[in-house]
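J.: Could you look at this predicted model? Sequence included:
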Amino acid sequence: MHKEYKPALMLSADLLLEDPVKFDSQAYLKALQKYCGKCASSSKEEDTSMMAFHFDYKNNDNNDLVNPCSILSKSPVPIERTSFENSLQQSFSFPGAYEALSRCNYTLSLTEFLAQFLDPGKRLTLHGNTLHAALEVIPGILAICWKQSECIIDPAIFLNADLYGPTLFYGPINVRIFHIQNQDRQNEVIMDTLGMGTFALPDIQCHFQNLEPNSVAGFLYNTANYLLDFGCVIEDGNTIEGINPGQRWKCRYETSLTIPYRAVIDINTNTF
């Protein structure tokens, strides 16, 4: 990855609350077993967090000595509203994000541990299932913020979303849009993904004009999904199909045009 950018190594979500609620640890463990299969926890009731071991998810070398874990904090802490400013600007799947966050005062965190050994599909599924369990037993969660992608999502939408596949945009990978003010170019836009670095993969970037942003967003999500499925198989100079059949766009590894500055696959859309 680009030397100026240190991506989050673990998937992590902030569960945003209006009030400092408490939840039943045993009820949460039962919900984890419902959604994640065989799991156990050695945490005590008085602990400030609950760590669960997930035995039905094996790492890629099938080493039974390493089981992925999930860690859910049990003590809500006051939120720092300024830390969500970037996320609010780029959370297009949740139109009510500003209103929801204005009501939130506390947060709990849900984080994976030792899960980076899983392939991305299993990893996303496990973390998504632990989040389902948390939503089932913790009342009053008004919003979820995925830290690594700076994306705020609606809990109700998440519960009805397929985390790994066409609805990938419900959190772990975010597609962002930046409108460039340029007197010499009309409708100039930069769009990119954020969150791929957590999977040791490059984000993807498109710089274009006069293309439909929704079509480019779908293209970016599909390309991200392809990399999650097959790894970093796109080489510098390769071409991939654009948003229209038969259209070929060239890929280059470059430093991103947007913050955080990082290595990305820049895709030339041939619009300049």
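T.: That came through fine. Numbers count the residues shown, from 1 in each chain.
J.: residue ranges for the strands of the stretch 1-150 of the chain, please.
T.: Using DSSP state E, counting those that start in this stretch, the strands of the stretch 1-150 of the chain run over 12-17, 39-41, 49-54, 69-73, 77-78, 106-113, 141-146.
J.: what's next to the shortest one, contact-wise?
T.: Contacts of strand 77-78 from elsewhere in the structure, counted by C-beta atoms under 8 Å, 6 or more residues apart in numbering, are Asn105, Tyr106, Thr107. C-beta: built from backbone N, CA, C; applies to glycine.
J.: what residue ranges in the protein are flagged as low confidence?
T.: Applying pLDDT under 70 to the chain flags residues 1-4, 59-65, 162-169, 183.
J.: rerun at 80
T.: Low-confidence segments of the chain (pLDDT under 80): 1-5, 58-66, 160-170, 182-186, 272.
J.: residue at max distance from the center of it?
T.: Asp184 (35.1 Å; C-alpha atoms, centre = their mean).
J.: what's the spacing between that one and Val216?
T.: Distance, Asp184 to Val216, using C-beta to C-beta, to the nearest Å: 21 Å.
J.: Repeat that for Glu46.
T.: 51 Å.
J.: For these two, indicate the residue with more neighbours.
T.: Of the pair Glu46 and Val216, Val216 is the one with more neighbours under other C-beta atoms under 10 Å, namely 20 against 6.
J.: residues contacting that one?
T.: Applying C-beta under 8 Å, 6+ apart, one finds that Val216 lies in contact with Val189, Met191, Cys206, Phe208, Ile243, Thr269.
J.: Double-check that it belongs to a strand.
T.: No: read with DSSP: H, G, I helix; E, B strand; the rest coil, Val216 is helix and lies in no strand.
J.: Give me the distance between Thr130 and Leu110.
T.: When distance is defined by C-beta to C-beta, Thr130 is 6 Å away from Leu110.
J.: So for those two, which residue has more residues nearby?
T.: More neighbours surround Thr130 than the other of Thr130 and Leu110, with 29 against 23 (other C-beta under 10 Å).
J.: List the beta-bridge partners for the nearest residue in space to the more buried one that is not next to it in sequence.
T.: The shortest distance from Thr130 to any non-neighbouring residue, by C-beta to C-beta, 6 or more residues apart in numbering, is to Ser70 (4.3 Å). Bridge pairing for Ser70 (DSSP bridges) gives the partners Ala52, Glu112.
J.: Do I have it right that Ser70 meets Phe113?
T.: Yes: using C-beta atoms under 8 Å, Ser70 is in contact with Phe113, at 7.0 Å.
J.: Overlap of the contact sets of those two?
T.: Met51.
J.: For these two, indicate the residue with more neighbours.
T.: Taking neighbours as other C-beta under 10 Å, Ser70 and Phe113 compare with Ser70 leading, 27 against 15.
J.: the helices in the stretch 151-272 of the chain, which residues?
T.: Ranges of helices within the stretch 151-272 of the chain are 155-158, 213-230, based on DSSP state H, counting those that start in this stretch.
J.: Quick check: Glu254 vs Ala263, distance?
T.: Noted for Glu254: a distance of 8 Å to Ala263, by C-beta to C-beta.
J.: any residues touching stretch 236-244, and which ones?
T.: Outside stretch 236-244, the residues that touch it by C-beta under 8 Å, 6+ apart are 211-212, 215-216, 218-219, 223, 234, 247-253, 267, 269.
J.: redo that, cut-off 7 Å
T.: Ser215, Val216, Phe219, Ile234, Gln247, Arg248, Trp249, Lys250, Cys251, Arg252, Tyr253, Thr269 (C-beta atoms under 7 Å, 6 or more residues apart in numbering).
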